[in-house]
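Asks: The following block contains a protein sequence and its predicted model.
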Amino acid sequence: MQKVGHILKTFNPTKDRYVSREFQSFGVYLAEELDDYKRRGLYIKLAKTVHRSILEKALSFTVDSKARNKGALFMWKMKQLKNPTGLKGDPSVR
């Protein structure tokens, strides 16, 4: 996995003109790692709204697996990490 500093060093504003913020770059990185480039907008939004540590833990879990649909596994693990109690549908947890 690339470090944020490396991504920012290799960022070329003339070539990457649609990616102007760091979270956008991380979202595209997530999409590439999960082989889900079609939904890169979703991953950019997640990179903007969800804490980075949760995304990195879910990504490392997903990359290490041999799942066919890595995007779905990533979303499942991210949901599990966001709700550590494991209680489904409990409104007091939210």
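Replies: Done, it's in.
Asks: which regions of the chain sit below the pLDDT cut-off?
Replies: Across the chain, the ranges flagged by pLDDT under 70 are 11-17, 86-94.
Asks: how about the strands of it, start to end?
Replies: Counting by DSSP state E, one finds no strands in the chain.
Asks: What residues does L46 make contact with?
Replies: Going by Cβ atoms under 8 Å, 6 or more residues apart in numbering, L46 touches G27, L30, L55, M78. Every C-beta, even on glycine, is put in place using the N, C-alpha and C of the backbone.
Asks: ok, now how distant is F23 from H6?
Replies: 16 Å (Cβ to Cβ, to the nearest Å).
Asks: Repeat that for T49.
Replies: For T49 relative to H6 (Cβ to Cβ), the value is 24 Å.
Asks: And F23 and H6? Which one has more around it.
Replies: F23 (16 against 10; other Cβ atoms under 10 Å).
Asks: Surely that one and K45 touch.
Replies: No - taking contacts as Cβ atoms under 8 Å, F23 lies outside contact range of K45: 9.1 Å.
Asks: ok now do the residue lying closest to A67 once chain neighbours are set aside, which residues does it touch?
Replies: With sequence-adjacent residues excluded and distances taken as Cβ to Cβ, 6 or more residues apart in numbering, A67 is closest to L73, at 4.5 Å. Neighbour list for L73: F61, T62, S65, A67 [criterion: Cβ under 8 Å, 6+ apart].
Asks: can I get the CA coordinates of stretch 63-75 in CSV?
Replies: Extracted C-alpha coordinates of stretch 63-75, given in CSV (Å, rounded to 0.1, in the frame of the first residue of the first chain):
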residue,chain,number,x,y,z
VAL,A,63,-6.7,-7.5,-0.2
ASP,A,64,-5.5,-10.4,1.9
SER,A,65,-8.6,-12.5,1.0
LYS,A,66,-9.3,-14.4,-2.2
ALA,A,67,-12.8,-13.2,-2.6
ARG,A,68,-14.3,-12.8,-6.1
ASN,A,69,-16.2,-9.6,-5.2
LYS,A,70,-13.7,-7.6,-3.2
GLY,A,71,-15.9,-4.5,-3.2
ALA,A,72,-18.7,-6.3,-1.4
LEU,A,73,-16.3,-7.8,1.1
PHE,A,74,-14.8,-4.3,1.7
MET,A,75,-18.2,-2.8,2.4
